[in-house]
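Visitor: need coordinates for the below:
(2 chains)
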Amino acid sequence: MIDIKWIRENPGKLDEALASRGAKPVAIDLIKLDERRRDHLKTLQELQGRRNEASKAIGKAKGSGDDAKAQSLIDEVAQIKAEIQAGEAEERAIDLALVDALSRLPNVPLDDVPVGTDEADNVEVRRVGEKPEFGFAPKEHFELGEALGMMDFDLAAKISGSRFNVLRGKLARLERALGQFMLDVHTGEHGYEETQPPLLVRNDAMYGTSQLPKFGEDLFIGASMTGRGHQVESLLETYTTQADLDALKSGEISLEKLVPQVLERAPTEEEFWLIPTAEVPLTNLVRDRVLDGGQLPLRMTALTPCFRSEAGSAGRDTRGMLRQHQFNKVEMVSITSEETSASELERMTGCAEEVLKRLGLPYRVVTLCTGDMGFAARKTYDIEVWLPGQDAYREISSCSVCGDFQARRMAARYRVEGEKQPRFVHTLNGSGVAVGRALIAVMENYQNENGSITVPECLKPYMGGIERIEAVS
RNA sequence: GGAGAGGUGGCAGAGUGGUCGAAUGCACCGCACUCGAAAUGCGGCAUACGUUAAUAGCGUAUCGGGGGUUCGAAUCCCCCCCUCUCCGCCA
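Guide: Below is the predicted model of the structure:
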């Protein structure tokens, strides 16, 4: 969430930032709305002040037995009562409108972020590692996995549909080994605290990290039967009008059109959401808190499944396990002071890179341009790992600094010694790294001509000491 | 899931319609006393928004969250969330 006060003082900067992300200018509208809000608030507060004064006087008058005076004061306050109630209702409405508008604005990119429209404008920062040379045509991971008999998409589809897979045997273990290895590196060497957060979270948490209100369609919903019942009930009772039903009956509107319309009106009040990344629960660990500045930075890591609907990705990366509805990821989250967040981004990116270095995987780091950055980010480095089977670099980690954008939504603050007012913390998140994609990368980079996979040196202790993964005869 | 109890400032904990943003204790900060410390005494000590040059003053709101009743709500009513105890179910 961007501070409305900052917008008041920097309307040009806001619109410039929005333009760089391909969005329309809104500063003038927001400022107008805010002015309306403040004007209205002022008059409301004056009325409330008068009421409070009179009410106190009533109490005093009654206490001293002056009933006549009390009555005249009661009559007086009764007159402004309706005015106050109407004013309060309007204040709520204006405030809601402003907060809603603000909560849909993306973060302002840092000055050193390249301006661009899409991934073609991202800027490569460095390449690390040597691409492996093969004396044969390298295969893609799913060809290797299926040939080994340890990766089965058809079987997964029977149970869960497309964009799932089943790993078995040594390949399943390799996936586990990767996750363990990454956690050990981050907890043992990089100072991150191992955490096991909830995978189902409430609206507020999703709102805090800004998946909501704008990106609900990317998420999966979790609900109990009773919870779902309550929701259907409220959709029917509160958000579907008689006019809707009449329009439906008369054929004026189709059911396909009415349903999204009703859902649009309803607030996104799900019982639970499945996390699309551990960034959500980890970052929300500091919500509604005032931390001691001396405690910062906080560094947390977690290995969790992630669930993404991949809406809008139909037809993209449909083969293999590159883009699944469910995958494991090691996430890093840092909570810092405002002075140290920029350097923390470099540090965090380095932590993610270290994993790839140890695994011997070639990669490159790119700075995302303004148009390609996520909603909450001020600056993002993507790490792209080399996939020989695809003959391409593919994203395996994304490290972002969000400034106080998420902290404002979560009311996560810290106190600096000697300062009266608490400040908002800065938040960062990054994958360290995506486990499923790391598995792909290891398979493709360590493949042998006979279809076996050599186990990277650093994973051997996690693999019972075996040298390679081969098909079971 | 059923029955009951509860949610108040950093913590503990009073307050059941008025002068309560809220007693008291602890913690914390300042001052006094002291060679210094402890003890003691005095004072201070929430957040957001508005106004403002101001993180000074003043105003408004906030006692889990949201609505309502009332001239006036921490206190009464409704809905929701959370915690605890007992029972049931369960990895």
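Visitor: where does the stretch 351-473 of chain A dip in pLDDT?
Guide: In the predicted model of the stretch 351-473 of chain A, no residue satisfies pLDDT under 70.
Visitor: go with 90
Guide: A:409-424, A:472-473 (pLDDT under 90).
Visitor: which residues of chain A lie near RNA strand B?
Guide: Residues of chain A found near RNA strand B (CB under 7 Å from any atom of the strand) are A:4-5, A:38, A:41-42, A:44-46, A:48-49, A:51-56, A:58-60, A:62-63, A:73-74, A:77-78, A:81, A:84-85, A:88-89, A:92, A:224, A:226, A:290, A:413, A:419-422. To be clear about C-beta, it is placed using only N, CA and C from the backbone, and glycine gets the same treatment.
Visitor: from those residues, list the buried ones, please.
Guide: Buried by 16 or more other CB atoms under 10 Å: A:4, A:44, A:51, A:54, A:58, A:73, A:77, A:413, A:422, out of those.
Visitor: which ones are touching the residue lying closest to the fourth one once chain neighbours are set aside?
Guide: Going back to what we said before, that points to residue A:54. Nearest-residue entry for residue A:54: residue A:77, 4.6 Å, with adjacent residues in sequence omitted and distances by CB to CB, 6 or more residues apart in numbering. With contacts defined as CB atoms under 8 Å, 6 or more residues apart in numbering, residue A:77 is in contact with A:50-51, A:54-55, A:58.
Visitor: report the buried residues of the helix or strand bottoming out on mean pLDDT in chain A.
Guide: Lowest mean confidence among the helices and strands of chain A (mean pLDDT, DSSP states H and E): helix A:225-237, at a mean of 72. Within helix A:225-237, the residues that count as buried by 16+ other CB under 10 Å are A:231, A:235.
Visitor: how much space between residue A:292 and residue A:471?
Guide: Look at residue A:292 and residue A:471: by CB to CB, to the nearest Å, they are 56 Å apart.
Visitor: looking at those two, which has the bigger crowd around it?
Guide: Legend: neighbour count by other CB atoms under 10 Å for residue A:292 and residue A:471, higher for residue A:471 (14 against 10).
Visitor: could you pull up the residues touching that one?
Guide: By CB under 8 Å, 6+ apart, the contact set of residue A:471 is A:147-149, A:451-452.
Visitor: just to be sure, which of the residues you listed are found in helices?
Guide: Counting by DSSP state H, the contacts of residue A:471 place A:147-148 in helices.
Visitor: put the alpha carbons of stretch A:15-22 into CSV.
Guide: Extracted in CSV, the C-alpha atoms of stretch A:15-22 (Å, rounded to 0.1, in the frame of the first residue of the first chain):
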residue,chain,number,x,y,z
ASP,A,15,1.8,8.5,-12.2
GLU,A,16,5.3,8.1,-13.6
ALA,A,17,5.7,4.8,-11.7
LEU,A,18,2.3,3.6,-12.8
ALA,A,19,3.1,4.5,-16.4
SER,A,20,6.4,2.5,-16.2
ARG,A,21,4.3,-0.5,-15.2
GLY,A,22,1.9,0.1,-18.0
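Visitor: buried residues in that stretch, which are they?
Guide: Of the residues in stretch A:15-22, A:15-18, A:20-21 count as buried by neighbour count, 16+ other CB under 10 Å.
Visitor: and the residue nearest to residue A:54, what pLDDT?
Guide: We have a pLDDT of 81 for residue A:77.
Visitor: same deal with residue A:81?
Guide: pLDDT at residue A:81 comes out at 83.
Visitor: ok, residue A:172 - contacts?
Guide: Residues near residue A:172 by CB under 8 Å, 6+ apart: residue A:150.
Visitor: and it, how far is that from residue A:233?
Guide: In this view, residue A:172 and residue A:233 are 42 Å apart by CB to CB.
Visitor: could you do residue A:369 as well?
Guide: To residue A:233, residue A:369 is 46 Å away according to CB to CB.
Visitor: what about the strands in the stretch 1-150 of chain A?
Guide: For the stretch 1-150 of chain A, the strands defined by DSSP state E, counting those that start in this stretch cover A:123-128.
Visitor: what residue ranges in it score low on pLDDT?
Guide: Across the stretch 1-150 of chain A, the ranges flagged by pLDDT under 90 are A:1, A:40-97, A:99-100.
Visitor: please enumerate the helices of it.
Guide: Here the stretch 1-150 of chain A has its helices, by DSSP state H, counting those that start in this stretch, at A:4-9, A:11-20, A:27-63, A:67-103, A:141-148.
Visitor: closest one of the contacts of residue A:77 to residue A:310?
Guide: residue A:51 (54.1 Å; CB to CB).
Visitor: please, which helix or strand holds the closest residue to residue A:435 other than its chain neighbours?
Guide: Excluding its sequence neighbours, the residue lying closest to residue A:435 (CB to CB, 6+ apart) is residue A:328, at 4.0 Å. Following DSSP states H and E, the helix or strand that holds residue A:328 is strand A:326-336.
Visitor: how far off strand A:123-128 does the next helix or strand after that strand point, in degrees?
Guide: Using DSSP H and E, the helix or strand that directly follows strand A:326-336 along the chain is helix A:341-359. Counting by axes from the mean of the first three to the mean of the last three CA atoms, to 10 degrees, helix A:341-359 lies at 40 degrees to strand A:123-128.
Visitor: pull out the buried residues from helix A:341-359.
Guide: A:341-342, A:344-345, A:347-349, A:351-356, A:359.
Visitor: can you name the next helix or strand after that helix?
Guide: Moving toward the C-terminus from helix A:341-359, the next helix or strand (DSSP H and E) is strand A:363-367.
Visitor: list the contacts of the residue nearest to residue A:435.
Guide: By CB under 8 Å, 6+ apart, the neighbours of residue A:328 are A:175, A:179, A:303-306, A:434-436.
Visitor: residue ranges with poor pLDDT in the stretch 151-300 of chain A?
Guide: Along the stretch 151-300 of chain A, the parts satisfying pLDDT under 90 run over A:198, A:200-205, A:207, A:212-217, A:221-273, A:285-296.
Visitor: so which residues of it form strands?
Guide: Under DSSP E, counting those that start in this stretch, the stretch 151-300 of chain A gives strands at A:151-152, A:166-167, A:193-194, A:200-201, A:220-222, A:272-274, A:289-292, A:298-307.
Visitor: report all helices and strands that the longest one contacts.
Guide: This points to strand A:298-307. helix A:169-188, strand A:193-194, helix A:279-283, strand A:326-336 (3 or more CB pairs under 8 Å, 6 or more residues apart in numbering; DSSP states H and E).
Visitor: hmm, 7 Å instead?
Guide: Contact analysis of strand A:298-307 by 3 or more CB pairs under 7 Å, 6 or more residues apart in numbering; DSSP states H and E lists helix A:169-188, strand A:193-194, strand A:326-336 as its packing neighbours.
Visitor: in the stretch 101-250 of chain A, which residue sits closest to RNA strand B?
Guide: Closest contact between the stretch 101-250 of chain A and RNA strand B, by CB to the nearest atom of the strand, is at residue A:226 (5.2 Å).
Visitor: next, the contact list for that residue, please.
Guide: By CB atoms under 7 Å, 6 or more residues apart in numbering, residue A:226 lies in contact with nothing.
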